[in-house]
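Peer 1: Fold the following and give me the result.
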Amino acid sequence: MKSGKTGGYKISPEISWRQVGDEAVLLNTRTSAYYSLNPVGVRLWDMIARGADAKEMAADLVREYGISEAAASKDVADLLKSLKDEKIITAG
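Peer 2: Okay, the predicted model is just below:
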């Protein structure tokens, strides 16, 4: 990735997580709230951890699952909104 890149996300330092099989379990250590991610969510979570932006994540879903660009963009936007609303991630 290029330095100075914008649009990525960062995982909150209050989040502890583990992959369990093909899913992931996340714990907010401040609130003790638990969350889970399905296999597609885990794939996107890995991309978030690497600093990918929403466009890169959607393109990955299009390549991997053969869905339309519009559907992939909506799915990514919905997940990112949920993660931001719960303060699991922040804009990078």
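
Peer 1: C-alpha from now on. contacts and neighbour counts both.
Peer 2: Will do.

Peer 1: Which residues does the helix or strand that contains Val42 contact?
Peer 2: Using DSSP states H and E, Val42 falls within helix 39-49. Contact partners of helix 39-49, identified using C-alpha atoms under 8 Å, 6 or more residues apart in numbering, comprise Gly8, Tyr9, Lys10, Ile11, Gln19, Asp22, Glu23, Ala24, Met57, Val76, Leu79.

Peer 1: hey, where'd the helices end up in the chain?
Peer 2: Taking DSSP state H as the test, the helices found in the chain are 39-49, 54-65, 69-85.

Peer 1: List the buried residues of the last one.
Peer 2: By neighbour count with 16 or more other C-alpha atoms under 10 Å, helix 69-85 contains the buried residues Glu69, Ala72, Ser73, Asp75, Val76, Ala77, Leu80, Leu83, Lys84.

Peer 1: tell me which residues form a beta bridge with Leu37?
Peer 2: Ala24 (DSSP bridges).

Peer 1: what residues are up against it?
Peer 2: With contact set as C-alpha under 8 Å, 6+ apart, Leu37 has these partners: Glu23, Ala24, Val25.

Peer 1: Could you rank those by neighbour count and give me the top one?
Peer 2: Counting neighbours by other C-alpha atoms under 10 Å, Ala24 comes out on top of the contacts of Leu37 with 18 neighbours.

Peer 1: Run through the residues that contact that one.
Peer 2: By C-alpha under 8 Å, 6+ apart, the residues touching Ala24 are Trp17, Arg18, Ser36, Leu37, Asn38, Pro39, Val42.

Peer 1: one more time with 7 Å
Peer 2: Ala24 sits next to Trp17, Arg18, Ser36, Leu37, Asn38, Val42 when contact means C-alpha atoms under 7 Å, 6 or more residues apart in numbering.

Peer 1: Against Gly41, how distant is Leu61?
Peer 2: 11 Å (C-alpha to C-alpha, to the nearest Å).

Peer 1: re the thing from before, which among the contacts of Ala24 count as buried?
Peer 2: Ser36, Leu37, Val42.

Peer 1: As TSV, these with distance to Asp53 and pLDDT would be great.
Peer 2: Shown next, in TSV, are the buried ones among the contacts of Ala24 (distance: C-alpha to C-alpha, whole Å; pLDDT from 0 to 100):
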residue	distance to Asp53	pLDDT
Ser36	21	96
Leu37	18	96
Val42	15	95
